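Asker: need a structure here:
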Amino acid sequence: MKLAAAIDLYILHRQATGEKFQSPFVALRAFSSCYGSKLQSAITSADVKQFLDGPLTGPATWQRKYGTLRDFFAYWKSRGKLASFPLPLAVPKYTPTFVPYIYSRQELRLLLDAVPRCQRRAACRTSVNTLRTLLLFLYGTGMRVGEALSLHLADMDLENGVITIRGTKFYKSRLVPLGADVV
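Answerer: Presented below is the predicted three-dimensional model:
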């Protein structure tokens with residue numbers, strides 16, 4: 001079977017199970033555009049490595065594409081269509097460069113004091129109090145903006161100091177504990 005056909009069938013299978021399958025879809029389509037005319041069984045680890053090491057591929061993207069291809073090849077191997085995984089054995093090591101920044105009390109005060117000046121324009125639809133509350137809420141919980149904006153009253157349990165975030169990143173729900181100051 002040609003790689004392009006195998007990718008099409010795999011994508012249809014994953015989407016038929018109800019997955020959105022957006023990011024893996026893009027990676028598999030890109031892989032198909034590189035090697036789609038080859039037989040699936042003729043794909044080598046060198047082909048996969050060349051795809052993974054493509055231009056503008058940082059460590060996180062490399063890992064995501066690798067995981068997508070690993071799942072794709074595992075699917076076909078479990079169905080007897082592949083003898084082995086054509087994945088490169090050496091996974092590059094990288095050290096994360098992100099360092100979280102924690103605002104000082106003075107910086108928080110300056111940020112909150114700037115809210116009224118930022119909301120003066122007629123184009124601002126959010127009130128000063130709402131924006132100030134949102135900033136404090138985000139800082140106090142570590143939630144994403146989209147998560148905070150999609151909350152409902154039923155998600156709040158202020159007596160127990162817990163917020164339920166439903167179906168967010170990776171389509172999972174989680175509980176966020178609240179400190180006394182945030183409650």
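Asker: please, where are all the strands along the protein?
Answerer: For the chain, strands defined by DSSP state E occupy the ranges 156-157, 162-165, 174-177.
Asker: can you redo those as a markdown table with mean neighbour count and mean pLDDT?
Answerer: The way it works is simple: take the backbone N, C-alpha and C, and place the C-beta from them, glycine included. Formatted as a markdown table, those follow (neighbours: other CB atoms under 10 Å; pLDDT from 0 to 100):
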| stretch | mean neighbour count | mean pLDDT |
| --- | --- | --- |
| strand 156-157 | 14 | 94 |
| strand 162-165 | 18 | 94 |
| strand 174-177 | 13 | 92 |
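Asker: which of those strands sits closest to Leu9?
Answerer: strand 174-177 (33.6 Å; CB to CB).
Asker: what helices and strands are in contact with that closest one?
Answerer: strand 162-165 (3 or more CB pairs under 8 Å, 6 or more residues apart in numbering; DSSP states H and E).
Asker: each with direction, which strands does the strand it packs on pair with?
Answerer: Using DSSP bridges, strand 162-165 pairs in its sheet with strand 156-157 (antiparallel), strand 174-177 (antiparallel).
Asker: closest one to Phe21 among these?
Answerer: The nearest among the strands paired with strand 162-165, by CB to CB, is strand 174-177 at 21.7 Å.
Asker: what's the spacing between the closest one and its chain's center?
Answerer: Put simply, strand 174-177 sits 18 Å off its chain's centre (CA atoms, centre = their mean, to the nearest Å).
Asker: quick one on the thing from earlier: among the strands of the chain, which is nearest Thr44?
Answerer: Short answer: strand 174-177, nearest of those by CB to CB, at 40.6 Å.
Asker: before we move on, the earlier item: quick one: closest of the strands paired with strand 162-165 to Leu108.
Answerer: Nearest to Leu108, of the strands paired with strand 162-165 and by CB to CB, is strand 174-177 at 19.6 Å.
Asker: pLDDT wise, what is Thr95 at?
Answerer: Listed pLDDT for Thr95 reads 74.
Asker: quick one: contacts for it?
Answerer: By CB atoms under 8 Å, 6 or more residues apart in numbering, Thr95 lies in contact with nothing.
Asker: mind checking how far it is from Ile43?
Answerer: As judged by CB to CB, to the nearest Å, Thr95 and Ile43 stand 31 Å apart.
Asker: same question for Val176.
Answerer: Separation of Val176 from Ile43 (CB to CB) stands at 43 Å.
Asker: swap in Ile7?
Answerer: Going from Ile7 to Ile43 by CB to CB gives 11 Å.
Asker: between the strands of the chain, which one is closest to Arg14.
Answerer: With CB to CB as the criterion, Arg14 lies closest to strand 174-177 of those, at 23.7 Å.
Asker: neighbouring contacts of the closest one?
Answerer: Here strand 174-177 has contacts from 141-143, 161-165, 168, using CB under 8 Å, 6+ apart.
Asker: just these now: which is nearest Ile102?
Answerer: Ranked by distance to Ile102 (CB to CB), the contacts of strand 174-177 are led by Gly142 at 10.9 Å.
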